[in-house]
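[1] generate a structure from the sequence data that follows.
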Amino acid sequence: MLTASIFDSVEGAYVALLRLATEQPEHRIDARGNAAREVIGVSFRLTDPRQRLPYLAERRANPVFQFAEALWYLAGRRDLEMIGYYSTSMHASSADGIRLGGSAYGHSLFSPIRGGKSQFDQVVKLLLNEADSKRGYLPVFEAKELADLDNPDVACLAGLHLLLRDGRLHMVCNMRANDLDCGLLSDVFSFTMIHEYAAIQLGLELGTYTHTIGSAHVNDSDAERVERVLAEADSRSAPPSFPFPEMPRDTDGSTIADVLHHEHVLRTNYRRYTAERIAGLDLDPYWQQAVLLFELYRQIQHDQTTAFDPDVLAALDPGLRWLMERKWPVCAATSGGGSE
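    Alright, predicted model coming up:
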């Protein structure tokens, strides 16, 4: 059993959990037509939550979607229009074709509830006034989600627990279930972004991130890719490593809104952004990286490009460029990419 194992980055935890569920499954399940191998009650801890991306060529992680989903959460949104553009599979989770339900975690966390304050705002206020509080819990899963047996979108996230200890903000995430090959990576990326955002609002250093899962499973439909990922992990003597930068200390709600303004411009194909234009935006270089990713995705979706703009690709931080070159290798290669 993998319990409270400690890793420097999400990649180590991801590989360890895949190996555990694949090689030592406790159960075989077939919930809602998804046959899978499962282990129950597992957890891991990240000592550096910023290292939230895996550099595994076989996995081909998608940093465009991961940034888009994290921003969607931070803005408290639930609209399918935005997130469905980056992942068409999200459409199957919408009951009305307009909005998401349980999986719109940011709507639960950041939308105003009482007196114009969100539960995130209330927890921040609590921790500012009671440093050692154990009450900084942000629930997401609601019992009413189970009232409709045909509900296509029950929250996998039970809640996030913020704990201020010794000048650092720690987070414990409680998942009722995690698809280890697909959902885990996106969840950890987004939740550690929320974790870091919360630390900034509190003026604290970033602490550890602990991720706990009730049902940790690998779907049979993903088994072949999982085998390739594990084989790659076993074969590497010197895996690539790209440190993820710190979120700017002045990041707040207006920052998120500014980034999403440019995301909307690009998603709707209102304008094309050059690397020079993005560099001139009134955004910290950290957030300019997200806009660069959205521009490259605009080229895929609207220009149907077979070659990325080489200047935009080259402006990406090395780790993000590495991922884009492997997610869309043809577009990267023909644009002069392929760097390590």
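[2] what average pLDDT does stretch 195-207 get?
    Mean pLDDT, computed over stretch 195-207, is 98.
[3] then stretch 222-238?
    Rounded mean pLDDT across stretch 222-238 is 95.
[4] next one: stretch 58-75
    Here the average pLDDT along stretch 58-75 is 98.
[5] give me the contacts around that stretch.
    Counting contacts by C-beta atoms under 8 Å, 6 or more residues apart in numbering, the residues outside stretch 58-75 that touch it are 53-54, 82-83, 85-87, 105-106, 109-110, 185-186, 189-190, 193-194, 197, 225, 228-229, 231-232, 256-257, 259-260, 263, 290, 293-294, 296-297, 320, 323-324, 326-327. Using the backbone N, CA and C atoms, a C-beta is placed for each residue, glycine as well.
[6] and it, what's buried?
    59, 61-75 (16 or more other C-beta atoms under 10 Å).
[7] identify the farthest-apart pair in those.
    R59 and A75 (27.1 Å; C-beta to C-beta).
[8] same for the longest strand seen in the chain, what does it pack against?
    Ranked by residue count, the top strand of the chain under DSSP state E comes out as strand 205-219. On a contact count with 3 or more C-beta pairs under 8 Å, 6 or more residues apart in numbering; DSSP states H and E, strand 205-219 meets helix 10-23, strand 34-46, strand 168-179, helix 183-202.
[9] distance from the chain centre to the second one, please.
    The one in question is strand 34-46. Offset of strand 34-46 from its chain centre (C-alpha atoms, centre = their mean, to the nearest Å): 18 Å.
[10] may I have it exported as CSV, CA atoms only?
    Coordinates of each C-alpha in strand 34-46 appear next as CSV, following Å, rounded to 0.1, in the frame of the first residue of the first chain:
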residue,chain,number,x,y,z
ASN,A,34,-15.3,1.5,-16.9
ALA,A,35,-13.4,-1.7,-16.1
ALA,A,36,-10.4,-0.9,-13.9
ARG,A,37,-7.8,-2.1,-11.5
GLU,A,38,-8.1,-0.4,-8.1
VAL,A,39,-6.3,0.3,-4.8
ILE,A,40,-8.2,1.8,-1.9
GLY,A,41,-7.1,4.5,0.5
VAL,A,42,-3.8,5.8,-0.9
SER,A,43,-1.9,9.0,-0.4
PHE,A,44,1.3,10.9,-1.2
ARG,A,45,2.9,14.1,-0.3
LEU,A,46,4.8,16.6,-2.5
